[in-house]
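Asker: turn this into a structure:
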Amino acid sequence: MSTSPGDSHNHYIQLGYEAALRELRHLAVHLEARGCNRVAVTLYDAIRIARAGGLRCEEHTRTP
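Answerer: Numbering: from 1, shown residues only. Have a look, this model is predicted:
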């Protein structure tokens with residue numbers, strides 16, 4: 001089965017997204033080691049939310 005150019009593009013977007021999340025986690029680890037626990041926890045939470053597909057809230061489900 002062949003892939004379309006869009007599939008390849010989406011693959012690279014996904015790779016970039018994963019790399020960005022890994023970099024944020026790396027930063028959180030360094031912040032935690034420096035004692036910046038609240039900031040590190042905030043980053044860990046943001047990563048978890050991003051991996052879950054974002055927040056589910058009223059503003060995102062309403063249609064204009």
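Asker: need the longest helix for the chain.
Answerer: Scanning the chain for the longest helix, with DSSP state H as the assignment, gives helix 5-33.
Asker: show me what counts as buried in that helix.
Answerer: Of the residues in helix 5-33, 28, 31-32 count as buried by neighbour count, 16 or more other C-beta atoms under 10 Å. Heads up, the C-betas are built off the backbone N, CA and C, glycines and all.
Asker: in a markdown table: those residues, plus distance to residue 10 and pLDDT.
Answerer: Below are the buried residues of helix 5-33 laid out as a markdown table (distance: C-beta to C-beta, whole Å; pLDDT from 0 to 100):
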| residue | distance to residue 10 | pLDDT |
| --- | --- | --- |
| 28 | 27 | 98 |
| 31 | 31 | 98 |
| 32 | 33 | 98 |
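Asker: re earlier: counting by contacts, list what the longest helix of the chain packs against.
Answerer: Applying 3 or more C-beta pairs under 8 Å, 6 or more residues apart in numbering; DSSP states H and E, one finds that helix 5-33 contacts helix 37-51.
Asker: looking at the buried residues of helix 5-33, which one is closest to residue 20?
Answerer: Nearest to residue 20, judged by C-beta to C-beta, of the buried residues of helix 5-33 is residue 28 at 12.8 Å.
Asker: before I go, just wanted to say thanks for your time.
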